[in-house]
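Asks: Here's a sequence, model it:
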Amino acid sequence: MQSVVIREYSNRDFKEILEIDKEAFSSRNPAYDVYVYITYGSDLLVADIGSKIAGYIVTMDIDDTTGKIIAFAVRKEFRGMGIGKILLKSAIERLIGRGKRKITLEVRVSNTAAQQLYKKFGFKIAEIIPGYYSDGEDAYLMVRTVQEQ
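Replies: Predicted structure coming up:
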């Protein structure tokens with residue numbers, strides 16, 4: 001695998017983030033999604049492999065002690081290569097670095113691959129959110145509590 005550099009989003013990444021968002025989420029308006037990530041996200045990190053962006057993750061500071069992962073996607077062609085793990089680890093480290101003690105996210109009940117990854121990083125299913133997605137699918141609210149060192 002090529003070397004992966006996790007870095008902050010820059011405007012030149014917009015088109016590729018749009019492509020990844022569209023592929024991963026079948027969004028009706030991926031440009032609006034990316035606008036929301038840039039406007040309301042605290043961090044938008046990209047996995048840069050030199051020739052293209054392989055994935056991204058967006059976090060949001062909810063309050064002084066809580067952060068949330070609001071979007072996370074890896075291009076289909078790069079899945080299963082560990083890029084998602086690197087992105088998730090980087091995002092969690094940055095949230096903890098900003099004093100977050102609780103990190104939340106929502107994930108489709110059907111997305112078992114993502115759930116397994118989140119569980120490896122200490123996330124636990126806290127509740128089911130009925131009809132969370134626009135197609136009516138339920139979501140799991142997953143939470144990771146950071147222990148004081």
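Asks: Next SSE downstream of the worst-scoring helix or strand of the chain on mean pLDDT?
Replies: Of all helical and strand segments in the chain, the minimum by mean pLDDT, DSSP states H and E falls on helix 30-40, at a mean of 89. Moving toward the C-terminus from helix 30-40, the next helix or strand (DSSP states H and E) is strand 43-48.
Asks: where's Ile53 relative to Glu127, distance?
Replies: Ile53 sits 33 Å away from Glu127, taking C-beta to C-beta, to the nearest Å as the criterion. For glycine as for every other residue, the C-beta is placed from the backbone atoms N, C-alpha and C.
Asks: tell me what the least confident helix or strand of the chain is packed against?
Replies: Helices and strands touching helix 30-40, as assessed by 3 or more C-beta pairs under 8 Å, 6 or more residues apart in numbering; DSSP states H and E, comprise helix 14-25, strand 66-74.
Asks: Comparing those, which comes out most buried?
Replies: Comparing the helices and strands packed on helix 30-40 by mean neighbour count (mean count of other C-beta atoms under 10 Å), strand 66-74 comes out on top with a mean of 22.
Asks: what about it, average pLDDT?
Replies: For strand 66-74, the per-residue pLDDT values average out at 96.
Asks: ok now that strand, how far from the chain's centre?
Replies: Averaging C-alpha positions (C-alpha atoms, centre = their mean, to the nearest Å) puts strand 66-74 3 Å from its chain's average.
Asks: Contacts for it, please.
Replies: With contacts defined as C-beta atoms under 8 Å, 6 or more residues apart in numbering, strand 66-74 is touched by 20-21, 23-25, 33, 36-37, 40-42, 47, 54-62, 83-84, 87-88, 91, 95, 98, 100-105, 114.
Asks: Then stretch 11-25?
Replies: With C-beta under 8 Å, 6+ apart as the criterion, stretch 11-25 contacts 9, 27, 30-31, 33-34, 37, 44, 46, 52-53, 55-56, 71, 73-76.
Asks: any idea which helix is longest in the chain?
Replies: Ranked by residue count, the top helix of the chain under DSSP state H comes out as helix 83-97.
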